[in-house]
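S.K.: Give me a model of this one.
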Amino acid sequence: MKKMKFLVLFLCFFVHAKGNAQCEVKNRVQADGSMIYYFEPAVFYTTKSKSLKINIVTDKEHYFVALQPMPFPEKKEGKKIKDDLIIHLADSKTYKLAHYDTQYRRNDSIMQVLYLIDDKDLDAFSNYEAVSAEINMQGTEFMRSYNFKLHKNAIVEQLKCFLKKEEN
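M.R.: Now for the predicted structure:
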């Protein structure tokens with residue numbers, strides 16, 4: 001009987017620890033002194049020639065989808081990316097996210113493009129996994145399309161973590 005209680009206690013601890021690790025929010029101070037909160041990017045798409053990592057970034061007021069495409073254009077060309085992101089969710093609807101900023105980080109070894117999630121669309125992004133996206137990548141081929149195969153629910157999970165923390 002003691003072994004059974006220990007096993008149940010251990011499993012509860014393991015499940016709780018795994019659940020908390022899933023909501024491991026990181027933060028970083030921006031150049032302007034403001035704080036942003038984010039998760040490690042999840043790989044949504046990968047082939048031998050290109051890949052796309054996605055994560056959610058917030059300043060606690062707004063939520064952004066952050067894309068890290070590979071390969072990416074040089075800084076001079078990449079700063080020309082100003083078009084909106086078209087993303088399709090599992091609810092069979094298409095969403096347009098406004099371009100917010102294009103950043104080059106870690107000595108220009110990573111390019112990140114931020115797209116603002118409209119407040120009215122937060123519920124959809126919190127409940128339906130991402131299916132595909134279309135991005136106008138100036139400086140590379142004209143339009144990139146990605147049909148997501150990996151971690152399609154990462155946006156849902158990350159948004160739920162942020163929104164849950166705000167409620168507490």
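S.K.: for the spatially most central residue of the chain, helix, strand, or coil?
M.R.: Computing the C-alpha centroid of the chain and ranking residues by CA atoms, centre = their mean puts residue 55 first, at 1.6 Å. What DSSP: H, G, I helix; E, B strand; the rest coil gives for residue 55 is strand.
S.K.: Chain neighbours aside, what residue packs nearest to it?
M.R.: Excluding its sequence neighbours, the residue lying closest to residue 55 (CB to CB, 6 or more residues apart in numbering) is residue 41, at 4.1 Å. C-beta coordinates here come from the backbone N, C-alpha and C atoms, glycine included.
S.K.: pretty sure that neighbour contacts residue 68?
M.R.: Yes. Residue 41 is within contact range of residue 68, at 5.4 Å (criterion: CB atoms under 8 Å).
S.K.: Overlap of the contact sets of the two?
M.R.: 53, 54 (CB atoms under 8 Å, 6 or more residues apart in numbering).
S.K.: quick one, longest strand in the protein?
M.R.: When the chain is parsed with DSSP state E, its longest strand is strand 94-105.
S.K.: right, and the helix or strand after that one?
M.R.: Counting by DSSP states H and E, the next helix or strand C-terminal to strand 94-105 is strand 110-117.
S.K.: C-terminal to the helix or strand hosting residue 125, what's the next element?
M.R.: Assigned by DSSP H and E, residue 125 falls within helix 122-127. Sequence order places strand 130-136 as the next helix or strand after helix 122-127, per DSSP H and E.
S.K.: helices and strands around that following strand, which ones?
M.R.: strand 63-70, strand 85-89, strand 143-147 (3 or more CB pairs under 8 Å, 6 or more residues apart in numbering; DSSP states H and E).
S.K.: which residues are contacting it?
M.R.: Around strand 130-136, the neighbours that count as contacts under CB under 8 Å, 6+ apart are 44, 52, 54, 67, 69, 81, 83, 85-90, 113, 142-148, 152, 154-155.
S.K.: what about 6 Å?
M.R.: 83, 85-88, 90, 143-148, 152, 155 (CB atoms under 6 Å, 6 or more residues apart in numbering).
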